[in-house]
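[1] A predicted structure for the sequence below; I have some questions about it.
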Amino acid sequence: MESLEEIKARGEAAVPGAKITIVPNPGPANQPSLLLDHEHATAIARFLRNDVALRLDHCSNATGVDWLDRKVSKKVKVKKVVEGEEKEIEETHEEFFPGYLEAVYHLYSMTHKHGPVVIRMRTTDRGEAARLPSLTPIFRSAEFQEREIFDLYGIRFDGHPDLRRILMWDEFADFPMRKDYREPDDYEYEPTPHDDVLEKAKEHYSARPQLDGAENLTAQS
């Protein structure tokens, strides 16, 4: 199979205006990936699927990743005048990186028996701009997996044919796989409360009338 550098070059040539970035992986897997820009992501994915040499026609896995806001401290050497003499001193500079969410897809070729090629997209932020183009129209197997990412991470996939929760119930308002997710104090809302959930609910209630509410849950279950 071609190298990522070759795939990147041919993809950008095939899709005018497309921007593809190779993202290194410093972990033990050492599996770099291709970061796609939003505007051309579906066109690039179509190229990866249809190109005669690649034929990456199967999306085996799609998952979400959450990156919180973070600050990185770096030590830099600068020249400054100290007591009338220019000296090189070391200063600590802090750089801020806003958080974002990612969708990561592993592509294989059933035709040529090669892969994976890992592609990813990043949202603008973790709030209202947590949107990405859906790759379900290109890879049919991504439909349920994008629904799971939406359900657990809150990424909205534009162009998805049926974007709705798949694991959590409709009334659930949060995204439990986000790194800043906190379990609620009140577990009374759970549709089918289990013993450990009821115990947590009882710990939450301090007054007797409220405790009666938790006991009613036990009776109903």
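    Perfect, I can see it now. Numbering: from 1, shown residues only.

[2] Hmm, residue 20 and residue 33 touching each other?
    No. Between residue 33 and residue 20 there is no contact under C-beta atoms under 8 Å: 10.3 Å. No exception for glycine: its C-beta is placed from N, CA and C like everyone else's.

[3] ok, which stretches of the protein are helices?
    All helices of the chain, identified by DSSP state H, fall at 4-14, 41-50, 142-153, 195-204, 208-220.

[4] tell me the mean pLDDT for the fourth one?
    Just to be clear, that refers to helix 195-204. Mean pLDDT, helix 195-204: 70.

[5] contacting residues for residue 43?
    Residues in contact with residue 43 (C-beta atoms under 8 Å, 6 or more residues apart in numbering) are 15, 18.

[6] quick one: the strands in the chain?
    20-23, 33-36, 58-67, 70-82, 85-97, 100-109, 114-122, 131-133, 156-158 (DSSP state E).

[7] what's the closest of those strands to residue 184?
    When those are compared by C-beta to C-beta, strand 58-67 sits nearest residue 184, at 19.0 Å.

[8] quick one: that closest one to chain centroid distance?
    For strand 58-67, the separation from the chain centroid amounts to 7 Å (computed by C-alpha atoms, centre = their mean, to the nearest Å).

[9] For that strand, buried residues please.
    For strand 58-67, the neighbour count (16 or more other C-beta atoms under 10 Å) marks 58-59, 62-64, 66 as buried.

[10] ok, now stretch 64-81?
    Neighbour-count burial for stretch 64-81 [16+ other C-beta under 10 Å]: 64, 66.
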